[in-house]
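In: Here's a sequence, model it:
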Amino acid sequence: SEQMETDAEMQQAQNMQQTVADERLRLRRLHEAFKKVLDKTFEEMPFETFIQQFGEEFAALHRDYLFDLYSQLISMTRSNAEEEFGVIVFQQDLDEKLAKLHKLMSEQPEGSQGVSIAKQSPADAMRSARMGLKEAEKKKLEAWLAQVDAENDELRPLFQAKHREACEGAAALRQRKEQYSAALAACSTAVSCQ
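Out: Numbers count the residues shown, from 1 in each chain. The predicted structure follows:
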């Protein structure tokens, strides 16, 4: 009996360790994904691209210095990004949230479509209920926007024609004003000469 209790306790401890390892798996994968994002980001800016920013003559004279500068820049940027990511993970309590997500997912039967209402918090249940309404409103607004865009496309040539007419009319008025001003000036000169 004592041996069975000890075996049961050991099994329970192993199960808890496995559960903790499984829960941390999601966080580890999140960190791995972030590392891949950083790797891809820095692949987009190789040293040769960096050195081109300094001009050929300067780059040729100071290549070693620029390489050191480039290495420090990449290292510091990566280090700062990883540190900020760690702070965000901590501040948002992602470790706990991912563990909760893992637990909820492991409790779901195969082929199920999500978390049961009984396991959701009231706020989550309300959010889920509103999602259908929000999706319908979004589709309605997208249709309305498409209609407005179509109407704008139809009106744009008319507006451009009216705008062109208004500009031409304004130019003609300016020209007439200049002509009348010249005629008035000529008349004023003729009257003052008499």
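
In: any idea which helix or strand comes after the lowest-mean-pLDDT helix or strand in the chain?
Out: Ranked by mean pLDDT, DSSP states H and E, the helix or strand of the chain with the weakest confidence is helix 2-43, at a mean of 76. For helix 2-43, the following helix or strand on the C-terminal side (DSSP states H and E) is helix 47-51.

In: and that next one, what does it pack onto?
Out: The contact analysis (3 or more Cβ pairs under 8 Å, 6 or more residues apart in numbering; DSSP states H and E) places helix 47-51 against helix 63-91. C-beta here means a position set from N, CA and C on the backbone, and glycine is covered the same way.

In: List the buried residues for the helix it packs on?
Out: Within helix 63-91, the residues scored as buried using 16 or more other Cβ atoms under 10 Å are 66, 70, 74, 81, 85, 89.

In: Please name whichever of the residues you listed scores lowest on pLDDT.
Out: Across the buried residues of helix 63-91, the smallest pLDDT goes to V89, namely 88.

In: Just say helix, strand or coil for the closest residue to that residue other than its chain neighbours.
Out: In this structure, V89 finds its nearest non-sequential neighbour in D95, 6.7 Å apart by Cβ to Cβ, 6 or more residues apart in numbering. When classified by DSSP: H, G, I helix; E, B strand; the rest coil, D95 comes out as helix.

In: how about D95, what does it touch?
Out: For D95, the contact set (Cβ atoms under 8 Å, 6 or more residues apart in numbering) comprises 24, 27, 89.

In: model confidence over the longest helix seen in the chain, on average?
Out: The longest helix of the chain (DSSP state H) is helix 122-193. Per-residue pLDDT values across helix 122-193 average out to 87.

In: Who are the packing partners of it?
Out: Using 3+ Cβ pairs under 8 Å, 6+ apart: helix 122-193 touches no other helix or strand.

In: Number the residues from 3 up from this point.
Out: I'll keep to 3 as the first residue from here, and by that count the last item is helix 124-195.
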